[in-house]
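1. Output the structure for:
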Amino acid sequence: MGRWVKPEVYPLMAAMTFVTGMCVFQLTRNVLLNPDVRLNKANRKMGVLENKEEGEKYAEHSLRKFLRTRPPEIMPSINHFFSRNE
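-> Numbering: from 1, shown residues only. All right, here's what the predicted structure looks like:
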């Protein structure tokens, strides 16, 4: 980079780049896939859209389906270690 960027700033730049990427991903996902966002004029004219299937598809994405099969633990090994009866 330039002379004004010190090596101590690299972790902060990496974290900010990651978070900015996550925000751009979420905004793009909402604009392109969210059934409540209406980009074309015909859908904007309608008061209520009858798109229940599209809404369910948006809400029940593959990550949510995968997480339903997993136990609700953040760190299972630590949970098992502290919950042992000895």
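
2. Residue nearest the middle of the protein, spatially speaking?
-> residue 26 (5.9 Å; C-alpha atoms, centre = their mean).

3. and that residue, what element?
-> Assigned by DSSP states H and E, residue 26 belongs to helix 10-33.

4. same check, this time on residue 65
-> With DSSP H and E as the test, residue 65 turns up in helix 62-68.

5. That helix - what's its average pLDDT?
-> The average pLDDT for helix 62-68 rounds to 88.

6. Using CSV, write down the CA coordinates of that helix.
-> Coordinates of each C-alpha in helix 62-68 appear next as CSV, following Å, rounded to 0.1, in the frame of the first residue of the first chain:
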residue,chain,number,x,y,z
SER,A,62,-30.7,-23.8,2.5
LEU,A,63,-28.6,-22.6,5.5
ARG,A,64,-31.7,-22.5,7.7
LYS,A,65,-32.6,-26.0,6.6
PHE,A,66,-29.1,-27.3,7.3
LEU,A,67,-29.1,-25.7,10.8
ARG,A,68,-32.3,-27.4,11.8
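
7. buried set for that helix?
-> Judged by neighbour count (16 or more other C-beta atoms under 10 Å), helix 62-68 contains no buried residues. From N, CA and C alone the C-beta is placed, and that goes for glycine too.

8. roughly how far is the helix-or-strand element of the chain with minimal mean pLDDT from the heart of the chain?
-> Ranking every helix and strand in the chain by mean pLDDT, DSSP states H and E puts helix 41-45 at the bottom, with a mean of 75. Here the centre of helix 41-45 is set off from its chain's centre by 28 Å, with C-alpha atoms, centre = their mean, to the nearest Å.
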